[in-house]
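[1] Based on what follows, work out the 3D shape:
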Amino acid sequence: MEIEIKPATENEAPLIALLGRVTFDDTFGHLFSAPEDVLEYLERTFSVTKITNSIKKSNNRFWLAWGGGLPVGYAKLKLHSDSGFGSSGTEAQLQKIYVLQDFLGQGIGEALQQAVFDRATAEQRPQLWLSVLESNQRAIGFYKKHGFEKIGSHTFSIGREDFKFIAMSKQLL
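    Okay, the predicted model is just below:
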């Protein structure tokens, strides 16, 4: 399957919102004791309005991954984002790489990640950081394979659940 990565526009916010909802629920939905907490989070985080407003922000960049003519994943980069873990304040943040389950393992995540690396480097961001759920060993392995190292940890609450995250970083310049 041929993969195509394109910068996303405001007109594609509904596609990104849908991809975000589906991939988040597929990956993390089972971790919630209360289904209403998942639904509330999806509504708050992946509404078309929120995604549209996020795309409009000059500090954010989005890409859509296309495979076989279908939108199969997306990535989001925040150009200026202090990790808070002994950082210099010049970092960029890889906020999301989401790929539909049926398309995992086909190089889509790597292609999206490369678009993020290229843009962050072009913007002279010396370091890229991210947060990944501590129990998401597949993602942690993916990031380690691509040069990310653990720099800290933190917790994040959604509804009744507290989640442990690992912060990871990679030197770009």
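[2] so who does the residue sitting nearest the centre point of the chain touch?
    Of all residues in the chain, the one closest to the mean position by C-alpha atoms, centre = their mean is residue 96, 0.5 Å from it. Applying C-beta atoms under 8 Å, 6 or more residues apart in numbering, we find residue 96 in contact with 20, 74-76. C-beta coordinates here come from the backbone N, C-alpha and C atoms, glycine included.
[3] for the chain, what spans make up the strands?
    3-7, 60-67, 70-78, 92-99, 127-133, 149-158, 161-171 (DSSP state E).
[4] Export those to JSON lines and append columns for mean pLDDT and distance to residue 50.
    Below are those laid out as JSON lines (pLDDT from 0 to 100; distance: least, C-beta to C-beta, whole Å):
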{"stretch": "strand 3-7", "mean pLDDT": "97", "distance to residue 50": "19"}
{"stretch": "strand 60-67", "mean pLDDT": "97", "distance to residue 50": "12"}
{"stretch": "strand 70-78", "mean pLDDT": "97", "distance to residue 50": "12"}
{"stretch": "strand 92-99", "mean pLDDT": "95", "distance to residue 50": "13"}
{"stretch": "strand 127-133", "mean pLDDT": "94", "distance to residue 50": "19"}
{"stretch": "strand 149-158", "mean pLDDT": "93", "distance to residue 50": "15"}
{"stretch": "strand 161-171", "mean pLDDT": "94", "distance to residue 50": "20"}
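[5] Which among these is found nearest to residue 38?
    strand 149-158 (8.0 Å; C-beta to C-beta).
[6] Run the angle between the closest one and strand 161-171 for me.
    150 degrees (axes from the mean of the first three to the mean of the last three C-alpha atoms, to 10 degrees).
[7] For strand 149-158, buried residues please.
    With burial defined by 16 or more other C-beta atoms under 10 Å, the residues of strand 149-158 counted as buried are 151-152, 158.
[8] what's next to it, contact-wise?
    32, 37, 41, 83-86, 129, 131, 134, 162-170.
[9] Return the distance of residue 34 relative to residue 160.
    Residue 34 is 6 Å from residue 160, where distance means C-beta to C-beta, to the nearest Å.
[10] Who are the contact partners of residue 117?
    By C-beta under 8 Å, 6+ apart, the contact list for residue 117 reads 128, 172.
[11] switch the cut-off to 7 Å
    Taking C-beta atoms under 7 Å, 6 or more residues apart in numbering as the criterion, residue 117 is in contact with residue 172.
[12] What of residue 22?
    By C-beta under 7 Å, 6+ apart, the neighbours of residue 22 are residue 100.
[13] so residue 89 touches residue 81, yeah?
    No. The pair residue 89 and residue 81 fails to qualify as a contact (C-beta atoms under 7 Å) at a distance of 9.3 Å.
[14] These two: which has the busier surroundings?
    The neighbour count for residue 89 versus residue 81, taken as other C-beta atoms under 10 Å, is higher for residue 81 (21 against 9).
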